[in-house]
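> Need a 3D model of the following:
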Amino acid sequence: MAELSAVLKRLCRVVLFLSQLYVFSGRGSLSFEHFQAAAQALKDQPLSSSVPPTTKVTEVTPTPGYIAKCPSNDLCTKLPADCMTCKTNHSCIYGKPVIFDCTSKPHVMCVDDNHQRQENFTISMTCQFCWQLPAPSDYECSKSNSSICKTVACPRQRYNATCSVKDHVHCLGRRVFPKMCYIVTGPGVTNGPRHLH
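Have a look, this model is predicted:
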């Protein structure tokens, strides 16, 4: 209410100043008393709906999609791969262990071994691209829409699959990749996909 009163007072002063300019310029014949009465009437008038209420606009920052995968206050070195960004190590030799310098992504809270907040840390992993992972237990595959392939040279049924690396596994390159799989059937064998390496 005090803010509205201050606005009305400023408005009255502006109107008074403009009317005095108008009168002094010789174009009007308003008297000062007449203007004061009009200004007082404007001041005493109840607040109309034409004056917009003062509102605060709150900005909403969207939450990144990866946050759902990132445990809060867990060890940085145990974070899923989607929760960190690592610098490429160009001295990496295929199949050998390598150390990567990593940083937790924005909005990801993680700690070191002493439970102190940490942003920069290192992880150790094997130097290999995700599609080169040797163990099918490190990724999950789903059948693509393409039809099953059977050729003369390779009579086993094969199909294209799209594979995704599991969250806890670290590897180089894209974490989603295509892979050719085949189905093994026969006595004593449970039907199921086998991955071609």
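> Just want the phi and psi numbers for C141.
With angles defined as degrees, to the nearest 10, C141 shows backbone torsions of phi -120, psi 150.
> how about the strands in this protein?
Residue ranges of the strands in the chain, as given by DSSP state E, are 74-75, 84-86, 97-104, 110-111, 117-118, 120-126, 139-143, 158-165, 176-184, 192-195.
> just so I know, which of those lies nearest I67?
strand 97-104 (11.4 Å; C-beta to C-beta). C-betas here are computed from N, CA, C, even on glycine.
> Using PDB, write out the CA atom coordinates for that closest one.
Output of strand 97-104 as PDB, limited to C-alpha atoms (Å, rounded to 0.1, in the frame of the first residue of the first chain):
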ATOM      1  CA  PRO A  97      44.600 -49.900 -17.600                       C
ATOM      2  CA  VAL A  98      44.500 -46.100 -17.800                       C
ATOM      3  CA  ILE A  99      43.800 -43.200 -15.500                       C
ATOM      4  CA  PHE A 100      41.300 -40.500 -16.600                       C
ATOM      5  CA  ASP A 101      40.900 -37.000 -15.000                       C
ATOM      6  CA  CYS A 102      37.200 -36.400 -14.500                       C
ATOM      7  CA  THR A 103      34.800 -33.800 -13.200                       C
ATOM      8  CA  SER A 104      31.300 -34.200 -11.800                       C
END
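> I'm done for today, thanks for sticking with me.
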